[in-house]
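*Asks:* Give the three-dimensional model of this entry:
(one chain, ligands or ions: 1)
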Amino acid sequence: MKDFQEQNLPKFEKKIASFLGSLEAEKTLKDAMSYSVEIGGKRIRPLMIMAICNFFERPVDDDVLVIAGSLELLHTYSLIHDDLPEMDNDNLRRGKPTNHKVYGQAHAVLAGDGLLTLSFDWITRTNLGDKAKLDLISFLGKAAGPEGMVSGQVADIEGEQKILTLEQLQRVHARKTGALLKYACQAGSILSNVNEREFNLLVSFGSLFGLAFQIYDDILDVVSTTEKMGKKVHKDQSENKNTYPGILGLEGAYKMLDEVIGKARNELIRLDAVDSILGDFLGYFERKGN
Ligand code: GRG
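*Replies:* Reported below is the predicted structural model:
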């Protein structure tokens, strides 16, 4: 995985920086958009697209980098808007002050709007065939829009007022977090020109990976790895009931995580991809804490 990242991430970063740099837009808007994209992040979604291409021996060329970049732009928009005072009201993101803390709320809203719309524009700027472009735009719109991430965010906000069941929580996260990871698998599949069976297996893998990603995120929130006086400190689990550890307890959440990872691994076995770079993605869910 490390080699794969070292080989592909620098050219990915260079491509998005040069595309953003060449935008003919108001300087403050360009600065605000570039700020949140370029302060980093794990780049899991673009890496997933590139890994699928790698598995199917489809070269990671400019078109792949632009499609991967387009998804990262859209993901970054969601984080900027999620951090706004009217949503999560966060001061830090990716270890740096949030966009609205640096550029003000109006510019942060507009930087998010710019990234969202630009992500679709980037798809049209590739040299891919018309059908591939249309499919990518359609899948991305469904994943990010009212049938996907935006509804997930609304359900999440409304869920704060009540206690959700496990099924309701999963439905929130399938849309809020899972939809873009599933799209990463759809995009990688389209770029690699896979057959229907491979497409369905990859989409199922993407959905399971998205679910595992959220369970793991909730677990990391509970298990603070901060060493204090040589002891691991656990946050109070009753702080937020609408999380996997909140509903299942920490051990129950780990158990569910293991089950979901097992199912995701099964899809990769069916694709004969478990020993490929795609299998390495499952190593992301390393057990932390007790
Ligand atoms: C505002 C429409 C709208 C949607 C926001 C994705 C999202 C919905 C909110 C993010 C809030 C959050 C912390 C979700 C939990 C998991 C998640 C998606 C984390 C952020 O993704 P990472 O971990 O972030 O890939 P980096 O910074 O590494 O890219």
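*Asks:* make it CA atoms for all contacts and neighbour counts henceforth
*Replies:* Fine.
*Asks:* Break down the protein into its helices, ranges please.
*Replies:* 2-21, 27-38, 44-55, 62-83, 99-103, 105-124, 130-144, 149-159, 166-173, 179-191, 196-222, 244-270, 277-280 (DSSP state H).
*Asks:* Give me whichever of the ones you listed is most buried.
*Replies:* By mean neighbour count, with neighbours taken as mean count of other C-alpha atoms under 10 Å, helix 179-191 ranks first of the helices of the chain at a mean of 27.
*Asks:* Could you list every helix and strand in contact with that helix?
*Replies:* helix 44-55, helix 62-83, helix 130-144, helix 196-222 (3 or more C-alpha pairs under 8 Å, 6 or more residues apart in numbering; DSSP states H and E).
*Asks:* quick one, the second one and helix 2-21 angle?
*Replies:* Between the axes of helix 62-83 and helix 2-21, defined by axes from the mean of the first three to the mean of the last three C-alpha atoms, to 10 degrees, the angle is 80 degrees.
*Asks:* What of the first one?
*Replies:* Counting by the same axes, to 10 degrees, helix 44-55 points 120 degrees away from the direction of helix 2-21.
*Asks:* wait, does stretch 35-48 contact the ligand?
*Replies:* Yes. Stretch 35-48 reaches the ligand (C-alpha under 6 Å from any ligand atom) through Gly41, Lys42, Arg43, Ile44.
*Asks:* hmm, back to that, mind giving me CSV with the helices of the chain and columns for mean pLDDT and distance to Asn89?
*Replies:* Formatted as CSV, the helices of the chain follow (pLDDT from 0 to 100; distance: least, C-alpha to C-alpha, whole Å):
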stretch, mean pLDDT, distance to Asn89
helix 2-21, 96, 26
helix 27-38, 98, 16
helix 44-55, 98, 24
helix 62-83, 98, 5
helix 99-103, 98, 9
helix 105-124, 98, 11
helix 130-144, 98, 21
helix 149-159, 96, 13
helix 166-173, 96, 20
helix 179-191, 98, 23
helix 196-222, 96, 17
helix 244-270, 97, 22
helix 277-280, 96, 34
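*Asks:* would you list those in CSV and tack on distance to Arg287?
*Replies:* Listed next are the helices of the chain as CSV, based on distance: least, C-alpha to C-alpha, whole Å:
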stretch, distance to Arg287
helix 2-21, 19
helix 27-38, 29
helix 44-55, 18
helix 62-83, 26
helix 99-103, 32
helix 105-124, 34
helix 130-144, 29
helix 149-159, 26
helix 166-173, 21
helix 179-191, 21
helix 196-222, 9
helix 244-270, 8
helix 277-280, 15
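*Asks:* so which of these gets nearest Glu286?
*Replies:* For Glu286, the closest of those is helix 196-222, at 8.9 Å, according to C-alpha to C-alpha.
*Asks:* Run the angle between that closest one and helix 44-55 for me.
*Replies:* Compare the direction of helix 196-222 with that of helix 44-55 by the same axes, to 10 degrees and you get 150 degrees.
*Asks:* So which elements touch helix 196-222?
*Replies:* Applying 3+ C-alpha pairs under 8 Å, 6+ apart, we find helix 196-222 packed against helix 166-173, helix 179-191, helix 244-270.
*Asks:* Now do the contacts for the closest residue to Ser78 other than its chain neighbours.
*Replies:* Spatial nearest neighbour of Ser78, chain neighbours left out: Gly112 (7.1 Å); criterion: C-alpha to C-alpha, 6 or more residues apart in numbering. For Gly112, the contact set (C-alpha atoms under 8 Å, 6 or more residues apart in numbering) comprises Met33, Thr76, Tyr77, Ser78, Ile80, His81.
*Asks:* Can you name the residues of the stretch 1-150 of the chain that neighbour the ligand?
*Replies:* For the stretch 1-150 of the chain, the residues in contact with the ligand (C-alpha under 6 Å from any ligand atom) are Gly41, Lys42, Arg43, Ile44, Ser78, Leu79, His81, Asp82, Arg94, Met149, Val150.
*Asks:* rewinding a little: would you turn the helices and strands packed on helix 179-191 into TSV with distance to Asp272?
*Replies:* Formatted as TSV, the helices and strands packed on helix 179-191 follow (distance: least, C-alpha to C-alpha, whole Å):
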stretch	distance to Asp272
helix 44-55	10
helix 62-83	23
helix 130-144	25
helix 196-222	10
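*Asks:* hang on, the earlier thing: out of the residues of the stretch 1-150 of the chain next to the ligand, which comes closest to Val274?
*Replies:* Relative to Val274, the closest of those is Ile44; by C-alpha to C-alpha it sits at 17.6 Å.
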